[in-house]
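Participant: Mind looking at a prediction? Sequence and model below.
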Amino acid sequence: MSQHSAKGARWERTRREVIARAGGLCQIRNPAVCTGHATTVDHILERRHGGTNDPRNLRAACGPCNTARNRPRPTVDNRWAL
């Protein structure tokens, strides 16, 4: 087994465990988009901010909630505010 497929298998096992731990329910629950059925895993503290794949940093999420959470947030341009 290659290193890449070993990592993929390990991630898939972790993903299944996190979803099972949540009873298959989305833990983000964004009322605007949530389907309630977890199919993905979300990093609570994003990896780019120092988060890890440790199961304690992961939560079950439905696809729409995970996508909405990771969408870049618009910035507000206040340079004309008084």
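Facilitator: It's in.
Participant: contact partners of the lengthiest helix in the chain?
Facilitator: If you go by DSSP state H, the chain has its longest helix at helix 3-21. In this structure, residues lying in contact with helix 3-21 by C-beta atoms under 8 Å, 6 or more residues apart in numbering are 1, 38-41, 53, 55, 58-60. To be clear about C-beta, it is placed using only N, CA and C from the backbone, and glycine gets the same treatment.
Participant: now do stretch 31-40
Facilitator: 15, 19, 22, 24-29, 60-68.
Participant: Please narrow those residues to those residing in strands.
Facilitator: Among the contacts of stretch 31-40, the members falling in strands (DSSP state E) are 60-61.
Participant: which SSE is the residue most central in space within the chain in?
Facilitator: Closest to where the C-alpha atoms of the chain average out (C-alpha atoms, centre = their mean) is residue 42, at 1.5 Å. Using DSSP states H and E, residue 42 falls within strand 40-43.
Participant: Direction included, what does that strand pair up with?
Facilitator: Each strand paired with strand 40-43, and its direction, by DSSP bridges: strand 58-61 (antiparallel).
Participant: Other residues contacting the strand it pairs with?
Facilitator: With C-beta under 8 Å, 6+ apart, strand 58-61 has contacts from 14, 18-19, 21-22, 24-28, 38-44, 69.
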